[in-house]
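**Q** Structure of the sequence below:
(chains A and B)
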Number of protein chains: 2
Amino acid sequence: MAGDGSDQRALQYEQTLMYGRYTQELGVFAKEEAARLRESEQRRSVRDRTRTLDLLEYEKGRCAKCRRSGYPYVLEAPAQDFVSVCTVRCQKFLISRVGEDWIFLILLGLVMALVSWVMDFCIAICLQAQKWMYGGLDSNMFLQYLAWVTYPVVLITFSAGFTQILAPQAVGSGIPEMKTILRGVVLKEYLTFKTFVAKVIGLTCALGSGMPLGKEGPFVHVASLCAALLSKFMSLFGGIYEEPSLVGIKDLIGTKNESRNIEMLAAACAVGVGCCFAAPIGGVLFSIEVTSTFFAVRNYWRGFFAATFSAFIFRVLAVWNRDEETITALFKTNFRLDFPFDLQELPAFAVVGIASGFGGALFVYLNRQFVLFMRKQKAINKFLMKKRLLFPAVVTLVISSLTFPPGFGQFMAGQLTQKETLVTFFDNLTWAKQGISHEFDYMGYSQAWRHPQINVFIMLVLFIIMKFWMSALATTIPVPCGAFMPVFVIGAAFGRLVGESMAAWFPDGINTDGTIYPIVPGGYAVVGAAALSGAVTHTVSTAVIVFELTGQISHILPVMIAVILANAVAQSLQPSLYDSIIRIKKLPYLPELGWGHHEKYNIRVEDIMVRDVRYITLNCCYRDLHNVLLTGNLKTLALVESAESMILLGSIERAQLQSLLSQQLSRARRLEYIRQRSVVEKKHLSEVSNPSSEDGNQRASQEVRFQISTEESSFSPARPVSQKPLKPALKRSSVMERSIEIPTSPHDNSGIALKSLFCASRDTEGLEDDGDLEDDMTIREIAEWEEKQLDEQVNFNNCKIDPAPFQLVERTSLHKTHTIFSLLGLDHAYVTSIGRLIGVVSLKELRKAIEGSVNVKGVKVRPPLASFRDSGPTGSSSSESEATELHKLWDRHRSVSLPREHVPSESDEKSQ
Amino acid sequence: MAGDGSDQRALQYEQTLMYGRYTQELGVFAKEEAARLRESEQRRSVRDRTRTLDLLEYEKGRCAKCRRSGYPYVLEAPAQDFVSVCTVRCQKFLISRVGEDWIFLILLGLVMALVSWVMDFCIAICLQAQKWMYGGLDSNMFLQYLAWVTYPVVLITFSAGFTQILAPQAVGSGIPEMKTILRGVVLKEYLTFKTFVAKVIGLTCALGSGMPLGKEGPFVHVASLCAALLSKFMSLFGGIYEEPSLVGIKDLIGTKNESRNIEMLAAACAVGVGCCFAAPIGGVLFSIEVTSTFFAVRNYWRGFFAATFSAFIFRVLAVWNRDEETITALFKTNFRLDFPFDLQELPAFAVVGIASGFGGALFVYLNRQFVLFMRKQKAINKFLMKKRLLFPAVVTLVISSLTFPPGFGQFMAGQLTQKETLVTFFDNLTWAKQGISHEFDYMGYSQAWRHPQINVFIMLVLFIIMKFWMSALATTIPVPCGAFMPVFVIGAAFGRLVGESMAAWFPDGINTDGTIYPIVPGGYAVVGAAALSGAVTHTVSTAVIVFELTGQISHILPVMIAVILANAVAQSLQPSLYDSIIRIKKLPYLPELGWGHHEKYNIRVEDIMVRDVRYITLNCCYRDLHNVLLTGNLKTLALVESAESMILLGSIERAQLQSLLSQQLSRARRLEYIRQRSVVEKKHLSEVSNPSSEDGNQRASQEVRFQISTEESSFSPARPVSQKPLKPALKRSSVMERSIEIPTSPHDNSGIALKSLFCASRDTEGLEDDGDLEDDMTIREIAEWEEKQLDEQVNFNNCKIDPAPFQLVERTSLHKTHTIFSLLGLDHAYVTSIGRLIGVVSLKELRKAIEGSVNVKGVKVRPPLASFRDSGPTGSSSSESEATELHKLWDRHRSVSLPREHVPSESDEKSQ
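**A** Have a look, this model is predicted:
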């Protein structure tokens, strides 16, 4: 039910720009785009039209094959020539044995491990190069500064430019988009090869610059891209082996089945985290928490299998490269096992947790404020629009200047990379013995934390404060980057600070039993890292990730307590970072039911449903269809038995209705009418009326009338290009010019002239007329004919009807509705009362209800996050209206796809 | 939708006996039960009838309040007197702050930690007592043997007897039942206080005996019991604070909302595992894997929160009791951190995993064979039926005799308890240095593995073989017990064996780089334990459990690889232990879609649906209703517009229709009819006809006619007792006796006689007649009246109709159907074609289809588990037919509840 029409739900990228293009002037872009489209459309029109004509037939077949072609991959021809018979047998055997899943998962794990390792290798080289440059120039401070600053600026600028040009979708973390995709919405542009290349190269450069950026989020995206591409590749490969007995290789690999595809993407998300941190368990759990609402336990093994394999290969590569002696954790710690922590230290751990909760909420808030500020300030905005790469460059310049080691960087261990910093925080030694930071023996990287003037506490505080805003700012740069790792480091720093303070406070440990167990500040760092990253992402599984990262689980209880407390605090203050980005990007989402959701049980569907449902009746005529299509903009329309009974029979997609209408008014049918009429006329041998120039104009304006009428409805992005009689506005002029030619030709040649006109127009319009007939109807006649056609009753025989759209009862509670919507990934559901349609609930209403904009029993339920929502959309409304023009253009550009409409209307904005 | 009628779905315990009562003769029991029921029914009838009359009103109110009373707890009166105003304010504040969830979870965690700790304490004392007895009698071998053997026999017998008497539902693991409950089926008897007591005491005794039994499974059940009781308790407590502005305390705590209740039970399962092993993360994951099909990520934190708190308290109690110095893992290991294992050891770990997979499947098979053997062997069966406690005693005797340390026990470290054995396996030292087992320094418990004659390898092999069948046998004893821990120990032993072999093979380790890193057999034990327990339970999260149990995560990759391989092997051979028990106990279940599920995409709902749907039409008469009720046995019936249109309007529960019918033929209406007739008759002053003795008999037989006709339909367990005119068979005789009295009274007194008859029968039947009227109708008249009534058209106004039963399309794939069924916990779904009802799919059809009994396109799809299914039910079919009688009795016993019908019919059996 829920998965119907996977390709109809595609969302175009331009609706979701946040990092990518919000600095660009949309009006200018719209003009460029319009010109580009006009050109490309002319080129593509022939192909498009043919495709459109095939659409109906195709749709029928598609229905019969049960969405075999739900994904575009299948349309591509299989490559047939490069596999020997032996391989065929071998693969057949494998398929018949275990199924293809594990092969796919192994390949995915392998590829991702390689990508991760190569990327890490490149990043390490980049970072080394910077250090080497910086080190080599130590004779001249200014040159040193230039080198220190230029290097990241160049890398970030390149990354931003490269991503911008190749695939702007690669910008940012990717987890919000993956969450949306796993919710059932298809964001096609996000899973292309271009995006993959842009993401991998952009990310490598961005991380190589040494900015406080993370790898985790983008890696989730990269893994999903990888899974999508791999599945595309395997569908090519598997296409050969399709045979009756083994019905579904294509079904399996070609991802015709949407749910299967989503299962694989969920596994890919786990792989992404797993091979990024060599943390298979944490990866699986983190990806579940971050991307899913409901998780199918039967997919559990997929994630574990792929993530484990991937993590294994990732670490084996390190062993083979002689980086490690054997497989160990990435940030191996060496805390004592016999007495990891004292029971009386637990309050301190709890404090770390609670403080991290507030910190996490603040981070999310700050990050959003940076974005909103950039959007709001017209002056800055305008300036940055022109110079798109200026913003990343400036931010990088500021951040790298501040970390310049001989400058301010000396007070915050600026010379250390993120990884080195983390190693120092997880260090087993106590830096602040007896409260005096000078006396201890600094080793290796920890050297950076020694400063002659200030003690380690001040350094840590400075580090935390500076890194905090730097990370929040840096993650708004339009490059592929995540925020997990920076936050993780800040958390570790905060934990270390508390740990060092505790160690200074209790130099001999707290334990009173004689044996001295000194306090381990590294343990606090572990706890802090888990707590802060958990607070920012609203996940508990960061606890597992730190265990796997450090290779020690001895601090399990402190970590769990801190993470849970941090989550409790952060979730009550702010949405998670990913949800925040989802809202900023205006991706379709369904908010979670939060902690204190008392009132949710008391709201019923009847309170929130829209009672004025657009519907069509079984016995309606095409005029009704036309009117309904003009007024509404819903993706699907309800089909009821009659306006009196209102018995819901099913739902029909808008595109289906549009093609029904198009067919009814199609030229082919008109020609058929003409042929029949001519048969009648031939008997009468009546005179052919000479079309006057006035008539020609009338005819043109007649066609324009329809154009305008459809233009009116085109504010809905849900309109495909495929309406034949209702011609797109862009081609209006050419049609008019040719129409005017008609009167110049003599009346006995008018047939030929018309024919040549249609022959000439065929290459632009691609209409498949039979050519032998003469379209000698006047504008008036066409209008009459069309009016007559519109009065006919609709024949739904060739129409794909979803006979069981999801139905709710008036009394269904909001809680249950939310559950059903998120379980089934629904977009809307009809509310029926004993088979009678009484209302409709869509994601929008549900969202509003959950966010508390609906008054229930006179009490305005004010959710904890309301303050955010009030400020959110107002800041972005200006750019939103600008985007509408662009959307219109893009709507035209869409070929078959009918996207889920989610452009926020004015009422939507206000209600929020 | 899915959650409708939570209390209607109750399953009675007797349908699920496996461990509890399968040794008892069902025929005898049925007779006893029938006698008991007859008695109790007479006592209860008054109450029951009143309740039945209230049912309709109640149902309406219930509908309006949206299942407020979905759970019976709410019916109880709130205790109002023991809370001060201050507490009220305080609690109000807390409620308004965070919601009640966390308070509930903290309480749950606290209680469970205490229970777990106290139980562990008692078990430790029991085991010490046995050792002390055994040690004190070392002068006389025979006395020593007696003491060694008698002690467990007494404990197990007591446990079995106690459980049997108090609550037979407490027998066994409880995880299968929890899985069923979380699937949406209410097994009421499983969540009572009696069961709690029986489970806790029975489990303590069983584990105190030293048998190879586990604590984990029962603890999941105990935690769920605890959650159910706690929620009951808190609903008493919360009842006071209900006020308009804070609508839903009761809604929240009184668990009226089924989904909420299930959320809490899911959290409780996590707590159970968490506080049993002090493994919060593993607990959450294990409980998810074992009990859920789809998991709501928003419940994630509940489990983590409660399990962490519980594990924390559990370990803190140990610290306070001075058992531990600080909070550490239960089976703390001390492997080296810098080089936990060599990369070249991975094949050995993989071998452990694969072998564990086969071993796990074998264990499940063996366990099931023991149960089936006991059922099949008539002679043994009959004997054990009489002496119910003999079987546990004999099994205990055999097992404890074999482990008698001076006897065979010396070859398998018989003197060690399970916990001690595990400690020795996870030991950091290598036992077999240079292949010679004598030379090393045995410390502590490891002493037990030294034997003068045989080396440690043979001892380990003996241990594994003996414990394997012992554990499989011991878990069939009818006491509260789990199989996780014994399997865990066997796995550890197997791992240790491989590890010791590796250590003997490579005395200096495999690494060739100069540094000697000897092989750590303890690591292999960890891997083996995780792999075997993962294979038996089909879970991956045992990996996390071992990390938390041992406090070390350094072996993460070997463990993950072994667990995944073990799962792959075991899942392709056998169902999980819990699923196996579910099938043995015949609990309603939905099999998982396995690894290689190609064919699932190719089956459509139209292939499996039942086309002959029982339906009622909107304009049907009561006679149709009567016929439909007589012929079908479905829980709900479809309501269609008319037989021609077949447009589905909704579904009605059987009970609703039955009460409609009952009301139509009720005595109240008949009296009303008489009253009206008498008004008419009074005008005519006509003579009262004298009822002849023949008439009396006719009348009795008339009532019997209805009884018989309902008896015919009573093979369905879905029939409640609440039909008033259709009297239960048990009361037939008494009614007849009284009816025969009528002719003896003179005709002018017949009214009084009848009145007295009804007054007399009122205490047994509880009919609320108005008493003033005289039921002077003859049998013939009543028959005529009833016939007339049956011809009237049904008025559905007072009937609760589910207006949106779940609908599928013919072309919905099996895969999608399975997903929807498990997501929404559906029981059945209608198949419609543009609003027209064309079929119905229930859990049964779906199960059959998944298990491959349905021929699709001529090819019999044979699932991998078919071999098991063939042997399974045949062994139990004999006892099944015996159980039917019992079920009939119990059906009558059920008061309001209308259980989901799942008694396997003959066709069901065959198709399996």
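**Q** Start and end of stretch A:332-350, how far apart?
**A** 24 Å (CA to CA, to the nearest Å).
**Q** got the buried residues for it?
**A** Within stretch A:332-350, the residues scored as buried using 16 or more other CB atoms under 10 Å in any protein chain shown are A:332-333, A:335, A:337, A:339-343, A:345-346, A:348-350. Backbone N, C-alpha and C define where each C-beta goes, glycine included.
**Q** Next step: those restricted to helices.
**A** Counting by DSSP state H, the part of these found in helices is A:Leu346, A:Ala348, A:Phe349, A:Ala350.
**Q** Turn those residues into a markdown table, including pLDDT and distance to chain B.
**A** Below are these laid out as a markdown table (pLDDT from 0 to 100; distance: CB to the nearest CB, whole Å):
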| residue | pLDDT | distance to chain B |
| --- | --- | --- |
| A:Leu346 | 88 | 8 |
| A:Ala348 | 92 | 14 |
| A:Phe349 | 93 | 11 |
| A:Ala350 | 93 | 11 |
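**Q** of the residues you listed, closest to B:Arg675?
**A** Of all those, B:Arg675 sits closest to A:Ala350, with 74.6 Å by CB to CB.
**Q** which residues does that closest one contact?
**A** Residues near A:Ala350 by CB atoms under 8 Å, 6 or more residues apart in numbering or on different chains: A:Ile561, A:Ala562, A:Leu565.
**Q** where does the stretch 201-350 of chain A have low pLDDT?
**A** A:237-259 (pLDDT under 70).
**Q** show me where it has helices.
**A** Counting by DSSP state H, counting those that start in this stretch, the stretch 201-350 of chain A has these helices, from start to end: A:216-238, A:249-253, A:258-277, A:280-291, A:300-320, A:346-376.
**Q** what's the nearest residue to the residue in the stretch 401-550 of chain A positioned nearest to chain B if we skip its chain neighbours?
**A** Nearest residue of the stretch 401-550 of chain A to chain B, counting by CB to the nearest CB: A:Val540, 4.8 Å away. What sits nearest to A:Val540 in space, not counting adjacent residues and going by CB to CB, 6 or more residues apart in numbering or on different chains, is B:Phe304, at 4.8 Å.
**Q** doesn't B:Leu285 make contact with that neighbour?
**A** No. Between B:Phe304 and B:Leu285 there is no contact under CB atoms under 8 Å: 10.0 Å.
**Q** And the two? Which one has more around it.
**A** Taking other CB atoms under 10 Å in any protein chain shown, B:Phe304 and B:Leu285 do not tie; B:Leu285 has more neighbours (30 against 26).
**Q** nearest residue to that one other than its sequence neighbours?
**A** Nearest non-adjacent residue to B:Leu285 (CB to CB, 6+ apart): B:Ser541, at 3.5 Å.
**Q** Check A:Lys199 too.
**A** Using CB to CB, 6+ apart and skipping the chain neighbours, the partner closest in space to A:Lys199 is A:Ala170 (4.0 Å).
**Q** neighbours of that neighbour, just the number please.
**A** Neighbour count of A:Ala170, defined by other CB under 10 Å: 32.
**Q** A:Ile123 too?
**A** Applying other CB under 10 Å, we find 22 residues neighbouring A:Ile123.
**Q** Looks like it contacts A:Gly210 (just checking).
**A** No. Contact criterion CB under 8 Å: A:Ile123 and A:Gly210 do not qualify, at 9.3 Å.
**Q** Who are the contact partners of the residue in the stretch 201-350 of chain A positioned nearest to chain B?
**A** Nearest to chain B, among the residues of the stretch 201-350 of chain A, is A:Thr308, at 4.3 Å (CB to the nearest CB). Contact partners of A:Thr308, counting by CB under 8 Å, 6+ apart, are A:Gly109, A:Gly274, A:Pro280, B:Leu557, B:Met560, B:Ile561, B:Ile564.
**Q** rerun that using 6 Å as the cut-off
**A** Residues counted as contacts of A:Thr308 (CB atoms under 6 Å, 6 or more residues apart in numbering or on different chains) are A:Pro280, B:Met560.
**Q** What separation is there between it and B:Leu814?
**A** Relative to B:Leu814, A:Thr308 is positioned 30 Å away (CB to CB, to the nearest Å).
**Q** ok, now A:Ile123?
**A** Applying CB to CB to A:Ile123 and B:Leu814 gives a distance of 46 Å.
**Q** now swap in A:Ser159 and tell me
**A** Distance, A:Ser159 to B:Leu814, using CB to CB: 47 Å.
**Q** more neighbours, those two?
**A** Higher neighbour count among A:Ser159 and B:Leu814: A:Ser159, with 32 against 24, using other CB under 10 Å.
**Q** ok so, going back, which one among the contacts of A:Ala350 gets closest to B:Val200?
**A** Comparing the contacts of A:Ala350 against B:Val200 with CB to CB places A:Ile561 closest, at 27.5 Å.
**Q** which one is the residue of the stretch 651-800 of chain A found nearest chain B nearest to, not counting chain neighbours?
**A** The nearest approach of the stretch 651-800 of chain A to chain B comes at A:Phe796, 8.9 Å away (CB to the nearest CB). Distance criterion CB to CB, 6+ apart; nearest residue to A:Phe796, sequence neighbours excluded, is A:Leu618 at 7.2 Å.
**Q** what about the strands in chain A?
**A** For chain A, the strands defined by DSSP state E occupy A:294-296, A:615-617, A:636-640, A:648-653, A:801-802, A:807-808, A:828-833, A:836-842, A:855-856, A:859-860.
**Q** what's the closest of those to B:Val364?
**A** The closest of the strands of chain A to B:Val364 is strand A:294-296. By CB to CB, the value is 23.4 Å.
**Q** what helices or strands is that closest one leaning on?
**A** Under the contact definition 3 or more CB pairs under 6 Å, 6 or more residues apart in numbering or on different chains; DSSP states H and E, strand A:294-296 sits against strand B:294-296.
**Q** so what strands line up beside the strand it packs on?
**A** According to DSSP bridges, strand B:294-296 has the following sheet partners: strand A:294-296 (antiparallel).
**Q** Number of residues surrounding A:Ala379?
**A** As a burial measure, A:Ala379 scores 7 neighbours (other CB under 10 Å).
**Q** Distance of it relative to A:Phe373?
**A** In terms of CB to CB, A:Ala379 sits 12 Å off from A:Phe373.
**Q** And A:Ser139, by the same measure?
**A** Taking CB to CB, one finds A:Ser139 at 41 Å from A:Phe373.
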